[in-house]
Each structure stands twice: as structure tokens, then as C-alpha cells.
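J.: Coordinates for the following, if possible.
(one chain, ligands or ions: 1)
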Amino acid sequence: MKCDFDKLWLYLNNKLDSKAQMEILEHLSKCEVCCQAICQVARDHEADLFIQGRQKQNTGSQAPPESD
Ligand SMILES: [Zn+2]
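T.: Sure, this is the predicted structure:
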């Protein structure tokens with residue numbers, strides 16, 4: 001599998017099925033480029049969530065939908 005940043009982005013947004021997630025995780029374990037990219041994006045993403053969370057404090061926690 002080659003580097004696929006579109007797929008990485010989908011992975012970060014929980015838009016991939018479990019098979020695709022496994023492919024990403026396997027690729028991440030071997031690919032430093034994607035590993036760093038996903039760390040960077042995850043940091044930015046969490047920062048966004050953190051800022052949004054502070055802005056609307058009454059929202060409470062949102063549990064992600066469970067998938068089997
Ligand atoms: Zn890669």
C-alpha cells in the first residue's frame with residue numbers, strides 16, 4: 001500500500017470500515033511519513049476539538065457510535 005493521505009484523513013474521521021482501518025494501521029507501522037502526518041493532523045484536530053469544547057461547554061461528551 002502506498003501513502004494515501006485521503007485515506008488517512010478518512011481514518012482520522014472514523015469514516016473507514018475495519019478492514020481499511022487495519023490497512024492504515026499496518027501502513028502506519030511501517031511508514032514514518034504517514035506516521036508523522038497523522039500525528040500532526042491528530043494534534044491539530046484535537047486542538048480544534050479542544051477549542052470547540054471550550055466554546056460550547058453545555059454540550060457534554062459525545063460517545064462515538066459503536067460498530068461491530
Ligand atoms: Zn505512508
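J.: pLDDT wise, what is the residue most central in space within the chain at?
T.: Note on the chain: the residue nearest the mean C-alpha position is Leu12, at 1.7 Å, using Cα atoms, centre = their mean. The per-residue pLDDT reported for Leu12 equals 84.
J.: And for the one 4 residues further on?
T.: With respect to pLDDT, Leu16 scores 94.
J.: Tell me how many other residues surround it.
T.: Leu16 sits with 17 neighbouring residues when counted by other Cβ atoms under 10 Å. Quick note: C-beta positions are derived from backbone N, CA and C, even for glycine.
J.: go on, His27?
T.: Using other Cβ under 10 Å: His27 sits among 19 other residues.
J.: now do the one 5 residues further on
T.: Using other Cβ under 10 Å, Glu32 has 8 neighbouring residues.
J.: for Asp68, same thing?
T.: 3.
J.: do the same with Cys39
T.: For Cys39, using other Cβ under 10 Å, the count is 11.
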